[in-house]
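Undergrad: what would the 3D arrangement of this be:
(chains A and B)
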Amino acid sequence: MTVSATRMPMPGRWTERRREAIAGYLFILPTYIGFIAFVLGPLLGALVISFTRYDLTAQPTFNGLDNYARLLTDTRLHQSYVNTLVYVAAAVVLMNVMGLALAVMLDRKLPMWLRTILRSAYFFPSLVGLAYVAIIWQALFQPDVGIVNYYLTQLGGPRVPWTTSREWVVPAVVIVDVWKNVGFGMLIFLAALQDVPKEVTEAAEVDGAGSWTIFRRVTVPLISPAIFFNVTLTVIGAFQIFESIVVLTGGGPGDASRSVAMYIYEQGFQSFRVGYASAIAMTLFAIIMVVTLIQFRVRRSWVFHE
Amino acid sequence: MSELTAPTGAMAGGSGPVGLGTRVRRSLPTAIAVTILVAGAIGMVAPFLWMLATSMRPATQAFDLPPSWLPWPARIDNFEAAVTGPVPLPRNMFNSAVIAIAIALGQIITCPLAGYAFAKLRFPGRNALFLILLTSLMVPIHVTIIPLFVLMRNIGLVNNPLALILPGITGAFGVFLMRQFFLSLPRELLEAGRIDGAGAFTTYRAIALPLAKPALTALGIISFLGAWNAYFVPLIFLNNVNTATMPIALVLMLGPNRSGNVAEIMAATTIAILPALIVFLVAQRWIVASMTSSGLKG
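TA: A predicted model of the protein is given here:
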């Protein structure tokens, strides 16, 4: 009896486990089919095409590392990469610092209605498409009739050629990008701040720590997972910046505001140098992957875990 | 930020009685903080107000300076002109709606299935498969777009909404979001269903899925808006004004030299932003809750 009682469940349990495993595979099957057909497959496809000469109509012909050799001497590509790195740096610093500052200011006792209105005002633009947002801003940025320059000159500032001058196109793109996305970061940080136990900060206060010290030494470590999450998202997003530039400046003047994503589009779908466009795309993918992996590496040293 | 918090510390150090000190310290920075927040909020809302005001003013007054923020009397002829203009906006809006609804439906079917499996079912290779799937968040669409275009062209789907719908009906982000949700469900709740001898799918259908309604709502809305707002992929697959989606149509209206009629363009942009506004007013709570929880536990 005892033997069978301990033994009996074994096969039953085993098949139950097996059933659960089969169910697991079936559950992820639709997603994995999509993943292989539309992400993994095309990624490998892009890798193969990057070693060929291809114009979308004739058969691709293998040309070894020619496309990759060309990357090194293409000054237009280098300009696009410089611009893109500026966009990434500006996005990461501004969106996170400003998002956190907004969250800190909002994380206090305020009347419910005021809090809701403020939070909504900052968060709403992140739900609106970047193309739509850029269409509004290109009108606001008009040099002579746009309201940005109107209020700027009213305050005694200069009349800025936002979308036409080499010096100002990159700041203009950054302004629109930050304006649109800062509220999302604010929301993430606000939720994290509200999870910081009040006893911890009060204890530090009793010990005589100043507000800045408490913020630096207690609050920031406690919300570091949220900071990490938001920084990772901003980096990946900013490397792919595209439509706001198309609408605001068209990449110009010259290539002064062109991003790598725009350059890939131009090479692949306008100049039909598809092999070369794929080689550029592979470098973009490699850079995003390396940067993200570095972030996850560094994460261990600064992100707080309970 | 240091300017904001530094005075706080100085004031706390200098004040005598604790009660007075904390009161002064709390009230003063709050006044400063609210002032800054309100000023910033005006900057966030102003572009939309200008869009709305311009859409209701005669085109000749679109660039009046100073701008008149209250378009009174309100006129709707810009909206009429935009909708009946050379760019077939109603058609474009219909295209956008079909694609966005199909994608949202696909996501709320496929993503919770996979998210549930990765959170609650045990099978060999589970964590590795989840991590591999997550790496797709690092793959820019600009990298995969050329092979995708070749694929869609070869199966004859260029200028067909399916070219956008098929790759959109599942996604790593949605799976991640749903997994986060299901991880928070206590195991005992699901065990109760299993004791009755129910299979994994029954447990999922009968117990897990109904509990996931808020997360599903958020996922549906986020994927709807994502598709509604998308510009790059439609730009590749839809190269005809009749198959184009809203963002493509609006950029077409803007014209290559940005010479389009501003009042009409702002009217069209107002229409395009409307779904985001409605969603925002109706479902803000769910989106906020699910987005923030994904960030905190991630």
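Undergrad: now A:Ile227, nearest residue through space, not along the chain?
TA: A:Asn96 (6.7 Å; Cβ to Cβ, 6 or more residues apart in numbering or on different chains). For every residue, glycine as well, the C-beta is placed using N, CA and C.
Undergrad: what sits against that neighbour?
TA: A:185, A:227, A:230-231, A:234 (Cβ atoms under 8 Å, 6 or more residues apart in numbering or on different chains).
Undergrad: so which of the residues you listed is the most crowded?
TA: A:Gly185 (29 neighbours; other Cβ atoms under 10 Å in any protein chain shown).
Undergrad: gap between the strand or helix carrying it and the chain center?
TA: A:Gly185 belongs to helix A:169-194 when assigned by DSSP states H and E. How far helix A:169-194 lies from its chain's middle: 11 Å, per Cα atoms, centre = their mean, to the nearest Å.
Undergrad: now do stretch A:230-250
TA: With Cα atoms, centre = their mean, you get 7 Å for stretch A:230-250.
Undergrad: does that stretch reach chain B?
TA: Yes. Judged by Cβ under 8 Å from any Cβ of the partner chain, stretch A:230-250 comes into contact with chain B at A:230, A:236, A:239-240, A:242-243, A:246-247.
Undergrad: pLDDT on that stretch, on average?
TA: Throughout stretch A:230-250, pLDDT has a mean value of 93.
Undergrad: try stretch B:83-93
TA: The model assigns stretch B:83-93 a mean pLDDT of 93.
Undergrad: what lies in contact with that stretch?
TA: Taking Cβ under 8 Å, 6+ apart as the rule, stretch B:83-93 contacts B:82, B:241-242, B:244-246, B:248-249, B:252-253, B:264, B:268, B:271-272.
Undergrad: what about the strands in chain A?
TA: A:52-53, A:61-62 (DSSP state E).
Undergrad: circling back: so which bits of the helix holding A:Gly185 are buried?
TA: A:169-170, A:172-193 (16 or more other Cβ atoms under 10 Å in any protein chain shown).
Undergrad: quick one: end-to-end length of stretch A:157-165, please.
TA: 17 Å (Cα to Cα, to the nearest Å).
Undergrad: I misspoke; the intended subject was stretch A:192-210.
TA: Termini of stretch A:192-210 sit 21 Å apart (Cα to Cα).
Undergrad: and for stretch B:203-221?
TA: Stretch B:203-221 end-to-end distance (Cα to Cα) = 25 Å.
Undergrad: now that stretch, how far from the chain's geometric center?
TA: 19 Å.
Undergrad: who's in contact with it?
TA: Under Cβ under 8 Å, 6+ apart, the answer for stretch B:203-221 is A:27, B:104-105, B:107-108, B:111-113, B:116, B:120, B:174, B:177-178, B:181-182, B:185, B:189-190, B:192-194, B:198, B:279, B:283, B:286-287, B:289-291.
Undergrad: quick one: residues contacting A:Phe141.
TA: A:148-149, A:162-163, A:172, A:248.
Undergrad: and the residue of the stretch 201-306 of chain A closest to chain B?
TA: Nearest residue of the stretch 201-306 of chain A to chain B (Cβ to the nearest Cβ) works out as A:Gly210 at 3.3 Å.
Undergrad: repeat that for the stretch 51-200 of chain A.
TA: A:Gly129 (2.9 Å).
Undergrad: what's the nearest residue to that residue if we skip its chain neighbours?
TA: Nearest to A:Gly129 is B:Asn229, by Cβ to Cβ, 6+ apart, at 2.9 Å.
Undergrad: any idea how far the one you found is from B:Ile109?
TA: 22 Å (Cβ to Cβ, to the nearest Å).
Undergrad: neighbour count: those two, which is higher?
TA: Legend: neighbour count by other Cβ under 10 Å for B:Asn229 and B:Ile109, higher for B:Asn229 (24 against 13).
Undergrad: residues contacting the more buried one?
TA: A:128-132, B:247, B:276.
Undergrad: closest one of those residues to B:Met44?
TA: A:Val128 (11.1 Å; Cβ to Cβ).
Undergrad: just give me the neighbour total for B:Leu274.
TA: 11.
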